[in-house]
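Student: A structural model of the following input is requested.
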Amino acid sequence: MTFVLTLVATCVFVMLAAPSLRRTPVLWYGVALALDFVYAYGMVVGLPPSVLQVLTPLVQRGMLATSLFIVVMYCGVFPEQSTPRKVIGPIRAELSLMACILAAAHCINYLSSFLGVLLVRASVLNGNQLASLIIALALVVLLVLLGVTSVKAVKRRMRAASWKNLQRLSYGFFGLIFAHEVLILYPSALKGSGDAAATLAASAVVFGAYAVLRVARFLMDRRERGNRSEGAVFEEEVAHVCAG
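Tutor: You can find the predicted model right below:
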């Protein structure tokens, strides 16, 4: 339930804050970084339980970062002239960078724990935890690559084809996020955790629907391009006949 509420709140935030994100993205990067630091401060020094209760799912468990990534990935399933595409499209890079900054706290927190165990006694990790760690390391690599190339100054220095090919890795990144969530949540869900089961079910719906809708959008776009090409050929033939 917490994940669903976070995702809904994130969608509302993006729709309302889109103009500000376009004009002053650095401000929002600062907000994301501040959340990381507040969470880290709470873990080391301490904060009121009510504050940590909010920051734990949003930052530690990565729900806010995941929700931002979901908004970014769903942008691609809407038609070019649709309202969601017009709102989200121009700020996809900014939303991705915010998500990367927020995900950093999640990555540092869990990877430090897992790697510490791995270095001391690898046999403590079971198969599920080891698979989760491997996927997490792959996600960190992709997070850095996609995050760095979302910076407009970096993008301008890259060849368009190279940048586009690198951004295609985002599909694998989204798939690995879901796989990582499954590996993390399903043991708790099997033990009767209602929150883990609800989050897992919601994630399955969100990522499953995205896969179906993205394939459908790809096929529709290809059909439209084919129709436009056929129309252009027909117009050329008509012009040739008229000229003759």
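Student: name the element the residue nearest to the spatial centre of the chain belongs to?
Tutor: In the chain, the residue lying closest to the centroid (CA atoms, centre = their mean) is Phe69, at 2.0 Å. Element membership of Phe69, judged by DSSP states H and E, is helix 63-75.
Student: run the chain-centre distance for that helix.
Tutor: The chain centroid and the centroid of helix 63-75 are separated by 4 Å under CA atoms, centre = their mean, to the nearest Å.
Student: for His180, see how far away the residue nearest to the centre of the chain is.
Tutor: To His180, Phe69 is 12 Å away according to CB to CB, to the nearest Å. For the C-beta atoms, the positions are set from N, CA and C on the backbone; glycine is no exception.
Student: over to Leu137?
Tutor: For Leu137, the distance to His180 - CB to CB - is 10 Å.
Student: same check, this time on Tyr39
Tutor: Distance of Tyr39 to His180, given as CB to CB: 20 Å.
Student: in this structure Gly62 contacts Asn109, no?
Tutor: No: between Gly62 and Asn109 there is no contact under CB atoms under 8 Å: 9.2 Å.
Student: more neighbours: those two, which one.
Tutor: Neighbours were counted for Gly62 and for Asn109 using other CB atoms under 10 Å; Gly62 has more, 24 against 18.
Student: got phi/psi on the more buried one?
Tutor: Backbone torsions for Gly62, taken as degrees, to the nearest 10, come to phi 80, psi 20.
Student: residues near Gly30, how many?
Tutor: For Gly30, the neighbour count with other CB under 10 Å is 12.
Student: ok now stretch 168-185, how far from the chain's centre?
Tutor: How far stretch 168-185 lies from its chain's middle: 9 Å, per CA atoms, centre = their mean.
Student: typo on my end, stretch 47-60
Tutor: On CA atoms, centre = their mean, the centre of stretch 47-60 falls 21 Å from that of its chain.
Student: first-to-last residue distance for that stretch?
Tutor: 14 Å (CA to CA, to the nearest Å).
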